[in-house]
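**Student:** just coords:
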């Protein structure tokens, strides 16, 4: 089954939203004005980068491409609470691990990286490699 890049992106953003929306005051998505909340509030920033698209079929029309990239969710929690108080990374990790969306976007290589203090917040990044197939008519 194939999907479109637009649908794949919507589905990836839905996974992020469903995992942490109730835990943060703001989720900033690419190409939208960024909003930073008060220093006492948790928030997130989503980054999505496509890195390659391999052609899977040789025919002249209806070519299938395997699209891959990285999804990074930067999680910001008020600093000074300690790592044991990290409430955002666990739901985000669970949402991405072994996940396949309805449009067959799937995630692998899901990792957590403690970045450290960033302004008033403690930053943790959760990242995953994503993959989906598209069909292009030439």
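**Tutor:** Cool, got the structure. The structure presented is a predicted model; accordingly, all values stated were derived computationally and were not measured.
**Student:** please enumerate the helices of this structure.
**Tutor:** Taking DSSP state H as the criterion, the chain carries its helices at 5-20, 89-96.
**Student:** looking at those helices, which is nearest to residue 137?
**Tutor:** For residue 137, the closest of the helices of the chain is helix 5-20, at 14.6 Å, according to C-beta to C-beta. The C-beta positions use only the backbone N, C-alpha and C, and glycine is treated the same way.
**Student:** residues in contact with stretch 20-31?
**Tutor:** Contact partners of stretch 20-31, identified using C-beta atoms under 8 Å, 6 or more residues apart in numbering, comprise 13, 16-17, 34-38, 41-48, 73, 75, 87-88, 91-92, 95.
**Student:** what's the answer for stretch 113-123, then?
**Tutor:** Applying C-beta under 8 Å, 6+ apart, the set of residues contacting stretch 113-123 is 36, 39, 42-43, 74-81, 83, 86, 124-127.
**Student:** quick one: buried ones out of those residues?
**Tutor:** Among the contacts of stretch 113-123, those classed as buried by 16 or more other C-beta atoms under 10 Å are 42-43, 74-77, 124-127.
**Student:** so which of those belong to strands?
**Tutor:** 43, 74-77, 124-127 (DSSP state E).
**Student:** all strands of this structure, in order?
**Tutor:** Using DSSP E, strands in the chain cover 26-28, 43-55, 63-78, 106-118, 121-136.
**Student:** partner strands of the helix or strand of the chain at the bottom of the mean pLDDT ranking, parallel or antiparallel?
**Tutor:** Every helix and strand in the chain was compared by mean pLDDT, DSSP states H and E; the lowest is strand 43-55, with a mean of 89. Counting by DSSP bridges, the strands paired with strand 43-55 are strand 26-28 (parallel), strand 63-78 (antiparallel).
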